[in-house]
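**Q** This is the structure alone, sequence omitted:
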């Protein structure tokens, strides 16, 4: 977490939770893909059938780990983009309200009493 005060603990926790959701979804998606490839390898490849169960599990977990990392990274980048856009919108809104206040005050001064 940054020490300069640009992020709060709640924002950091929300970003971490988003990365966690992405990691779980990616591991499930890539796990299904590697399971299908493992099944195809078992059906068609005598080399794959001759591998030990430990190595087959390692191959499966490697695919799931890769998928989890890729999806978590994608989700955290999307989350950061959304947060940057929301903060930019908030600051633009504040500037807009400030200028509306200046325009309203200027019009009030020109009205005859």
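**A** The structure has been received and is ready for your questions. Computed from a prediction, not measured in an experiment: that's the story for all the values here.
**Q** Summarise which helices and strands the one helix or strand residue 92 maps to is packed against.
**A** Element membership for residue 92, per DSSP states H and E: helix 53-110. When contacts are defined as 3 or more CB pairs under 8 Å, 6 or more residues apart in numbering; DSSP states H and E, helix 53-110 packs onto helix 9-44. Glycine gets a C-beta too; all of them are placed from N, C-alpha and C.
**Q** How about the helix it packs on, which residues are buried there?
**A** Neighbour-count burial for helix 9-44 flags 15, 18-19, 22-23, 25-27, 29-31, 34, 38, 41 (criterion: 16 or more other CB atoms under 10 Å).
**Q** now it against helix 53-110, angle please.
**A** If you take axes from the mean of the first three to the mean of the last three CA atoms, to 10 degrees, helix 9-44 sits at 150 degrees to helix 53-110.
**Q** what packs against helix 9-44?
**A** Applying 3+ CB pairs under 8 Å, 6+ apart, one finds that helix 9-44 contacts helix 46-49, helix 53-110.
**Q** what's the shortest one in contact with?
**A** Spelled out, it's helix 46-49. Contacts with helix 46-49, where a contact means CB atoms under 8 Å, 6 or more residues apart in numbering, come from 38, 41-42, 56.
**Q** How far away from the center of its chain is it?
**A** Centroid displacement of helix 46-49 relative to its chain, using CA atoms, centre = their mean, to the nearest Å, is 38 Å.
**Q** hmm, back to that, and the buried residues of helix 9-44, which two are the farthest apart?
**A** 15 and 41 (37.4 Å; CB to CB).
**Q** Three-state assignment for residue 51, please.
**A** When classified by DSSP: H, G, I helix; E, B strand; the rest coil, residue 51 comes out as coil.
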